[in-house]
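>>> Sharing a model prediction with you, sequence too.
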Amino acid sequence: MKTYPLTSLNIEDATKKQFSLIDEITKVFRGSEILTRGDLGVVPGLNQPKTTNKVEKVLENYFDAEAAMLVRGAGTMAIRMALHATMKIGDTLLVHDAPVYPTTKVSIDTMGLKTIEANFNDLKNLQEALQSQDIDGVLIQITRQKPDDSYDAKEVIECIQNYLPNTPIITDDNYAVLKTPKIGSQMGATLACFSTFKLLGPEGIGCIVGNRRAIEKLKAENYSGGLQVQGHEAIDVLRGMIYAPVSLALSAGVLEEVKKRLNAGEIQGVKQAYIANAQSKVILVELNEPIANAILEEAEKLGAAPNPVGAESQYEFVPMFYRLSGTFRAANPDAERTTIRINPMRAGSETIIRILREAIIAGS
């Protein structure tokens with residue numbers, strides 16, 4: 001197996017991300033406002049809490065965008081609303097030739113969108129699709145949908161814009177935001193969508209960043225009090241995003257160390273280790289024997305989390321040993337018996353190596 005993981009920020013660059021966000025906060029908020037839990041309800045003239053409006057202004061500036069919007073429903077709803085803002089029922093959506101993330105597929109089906117596929121790994125194939133098909137919109141998942149994905153999102157966006165300059169491009173930036181240098185809108189996409197829960201933020205809050213006209217349309221439609229992200233939730237979005245870049249960069253460093261040690265033969269029973277974005281950046285551990293399920297059961301007894309809460313949320317700090325993602329299983333069903341994935345979360349390499357070694361011994 002050969003994988004093509006996204007390049008993670010190093011600690012120095014992640015630290016700069018943290019400092020940059022703090023700088024943008026100080027340009028929008030007074031110091032006393034940060035030492036509060038924010039306001040509530042629908043403020044006349046804004047149709048949302050003042051604090052939420054200010055946080056959106058911070059995110060707009062931080063991501064070099066025309067506008068930003070916090071939404072209920074996490075990353076799933078952010079993508080669903082972005083599709084709604086830019087496409088009509090029955091339109092044709094171009095997607096990568098790979099399994100579509102299940103909740104995204106629900107959004108596509110709900111809107112009655114027709115999908116056509118192109119291999120984003122092959123720009124020539126993409127160009128042929130762009131020239132031969134009527135396309136109303138494009139959806140690009142920044143992280144990988146199958147193990148051999150290697151496309152560069154910026155190159156894919158630029159290719160699409162060369163042929164269809166006025167066609168909206170939506171990016172699913174979940175598991176990539178603040179791990180990599182830029183989000184989709186900074187690479188030229190119309191709207192970038194992600195969950196702030198995956199960035200140490202509050203449960204269920206998503207974010208859409210990019211085109212002002214599309215976001216103003218969504219804000220006009222989401223005017224009721226029950227749809228608003230409240231001020232204290234918006235403040236918590238910022239708090240999480242402040243600490244997320246460095247935390248995620250530390251995790252990326254642990255991944256590299258664990259991969260190196262496993263491929264040096266430190267643990268008997270491991271055939272090969274790979275780093276992949278599946279969906280979050282993880283170690284894929286290929287085993288000599290088809291005992292993946294047994295290892296996952298034993299790892300949980302040894303303190304490893306068996307499943308995600310928000311996949312890198314504030315609640316997940318012990319390492320997570322779990323099965324391959326649904327899109328990876330769909331691409332290679334046989335791998336489920338011989339391969340597990342490990343997300344370090346906040347753990348160090350020694351903890352991961354110890355749990356894996358003991359789990360293999362107990363599960364063999």
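Done, it's in. Treat the numbers as computed from the prediction; the structure is a model and nothing was measured.

>>> Can you show me the helices along the protein?
Assigned by DSSP state H, the helices in the chain fall at 11-28, 31-34, 50-62, 74-86, 102-110, 123-132, 153-163, 212-221, 231-263, 292-301, 326-331, 349-363.

>>> Can you give me the buried ones in the fifth one?
Using 16 or more other Cβ atoms under 10 Å as the burial criterion, the residues of helix 102-110 that qualify are Thr104, Ser107, Ile108. In short, each C-beta sits where N, CA and C put it, glycine included.

>>> Specify which member of these is nearest to Thr15.
Of all the buried residues of helix 102-110, Thr15 sits closest to Thr104, with 32.5 Å by Cβ to Cβ.

>>> Excluding chain neighbours, what is closest to the closest one?
Once flanking residues are discounted, Thr104 sits nearest to Ile79: 5.7 Å by Cβ to Cβ, 6 or more residues apart in numbering.

>>> how near is the one you found to Ile140?
Applying Cβ to Cβ, to the nearest Å, the value for Ile79 to Ile140 is 11 Å.

>>> The two: which has the busier surroundings?
Ranked by neighbour count (other Cβ atoms under 10 Å), Ile79 and Ile140 place Ile79 first, with 29 against 22.

>>> my read: the more buried one touches Ile170, true?
Yes. With contacts counted by Cβ atoms under 8 Å, Ile79 reaches Ile170, the gap being 6.8 Å.

>>> For the two, list the residues in contact with both.
Residues touching both Ile79 and Ile170 (Cβ atoms under 8 Å, 6 or more residues apart in numbering) are Leu139, Cys193.

>>> And for stretch 238-258, what's in contact with it?
Against stretch 238-258 from outside (Cβ under 8 Å, 6+ apart): 8-11, 13-15, 17-18, 21-22, 25, 55, 58, 178-179, 196, 199-202, 273, 275, 281-283, 312, 314, 342-349, 352-353.

>>> And it, what's buried?
Buried, per 16+ other Cβ under 10 Å, within stretch 238-258: 238, 240-242, 244-249, 251-255, 258.

>>> do the same with stretch 344-355
For stretch 344-355, by 16+ other Cβ under 10 Å, it's Pro344, Met345, Ala347, Ser349, Thr351, Ile352, Ile353, Ile355.

>>> Return the helix or strand in the chain with minimum mean pLDDT.
Within the chain, confidence by mean pLDDT, DSSP states H and E is lowest for helix 326-331 among all helices and strands, at a mean of 75.

>>> Dump the C-alpha coordinates for that one into PDB.
Presented in PDB, the C-alpha positions along helix 326-331 are these (Å, rounded to 0.1, in the frame of the first residue of the first chain):
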ATOM      1  CA  GLY A 326     -16.100   3.800   5.900                       C
ATOM      2  CA  THR A 327     -14.800   5.300   2.700                       C
ATOM      3  CA  PHE A 328     -11.500   3.400   3.000                       C
ATOM      4  CA  ARG A 329     -13.400   0.100   3.700                       C
ATOM      5  CA  ALA A 330     -15.600   0.700   0.700                       C
ATOM      6  CA  ALA A 331     -12.500   1.200  -1.400                       C
END
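
>>> next one: it to chain centre, how far?
In this view, helix 326-331 has its centroid 17 Å away from the chain centroid, taken as Cα atoms, centre = their mean, to the nearest Å.

>>> now do stretch 254-264
Worked out by Cα atoms, centre = their mean, stretch 254-264 lies 23 Å from the chain centre.

>>> CA-only coordinates of that stretch, as CSV, when you get a sec.
Extracted C-alpha coordinates of stretch 254-264, given in CSV (Å, rounded to 0.1, in the frame of the first residue of the first chain):
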residue,chain,number,x,y,z
VAL,A,254,4.0,11.5,17.1
LEU,A,255,2.6,9.9,13.9
GLU,A,256,6.0,10.2,12.2
GLU,A,257,7.8,8.7,15.2
VAL,A,258,5.4,5.8,15.6
LYS,A,259,5.6,5.0,11.9
LYS,A,260,9.4,5.0,12.0
ARG,A,261,9.6,2.7,15.0
LEU,A,262,7.0,0.3,13.6
ASN,A,263,8.7,0.0,10.2
ALA,A,264,12.0,-0.6,12.0
